[in-house]
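Q: turn this into a structure:
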Amino acid sequence: MNLTHLHLMLNHLPVLGTPFGLGLLVFGLWRKSEELKKTALGVFVVFTLLAAPAYLTGEPAEDAVKHLLGASNSAIEQHQEIAGVAFAASGALGVVALSGLLLFSRGKLVPAWFVSLVLAASLIVTGLMAWTANVGGQIRHTEIRANSWSIFRHR
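A: As a prediction, this is how the structure comes out:
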């Protein structure tokens, strides 16, 4: 096992964990549950921390695949750029979520304005993670590249 394997395993965690936290936050809002809202904040903190090794193993993964047959160098570059934005946004979400956990601990209610802020941030991060994952998949998966849809035009 090498850092490329590690990158391919770890990159799924923030991609799936962020929308999980978002779903938990929405469910907590619907149930009017402070515990669920705070649990969602904790989920965002955990998956922000897990995004770090996924991001840091990206460069070694790039070095391993950029010369392989079928690898898209343009997708590699785009993935790298989007990943940096997604990682920074995830970090910001994690800092905000951790701040909320610290500020609103011990029975304090999480204010609606704070939940709205975290909700908006988690929507953005979820979108960025999905975009990053999609472009990352296009590096080696020719079947999901934009021009692969040409099969439908020939029928």
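
Q: ramachandran angles for R140?
A: In terms of degrees, to the nearest 10, the main-chain angles of R140 are phi -120, psi -20.

Q: is it true that it touches L69?
A: No - between R140 and L69 no contact is recorded; they are 9.8 Å apart, counting by CB atoms under 8 Å. C-beta coordinates here come from the backbone N, C-alpha and C atoms, glycine included.

Q: compare those two (neighbour count), which wins?
A: Higher neighbour count among R140 and L69: R140, with 16 against 5, using other CB atoms under 10 Å.

Q: for the more buried one, list the residues it contacts.
A: 65, 68, 70-72 (CB atoms under 8 Å, 6 or more residues apart in numbering).

Q: can you do 6 Å?
A: Neighbour list for R140: A71 [criterion: CB atoms under 6 Å, 6 or more residues apart in numbering].

Q: between R140 and L69, which contacts overlap?
A: With CB under 6 Å, 6+ apart, R140 and L69 have no common neighbours.

Q: would you mark the buried spots in the longest helix anywhere in the chain?
A: Assignment by DSSP state H gives helix 73-103 as the longest helix of the chain. Within helix 73-103, the residues that count as buried by 16 or more other CB atoms under 10 Å are 75-76, 78-80, 82-83, 86-87, 89-91, 93-94, 96-98, 100-101.
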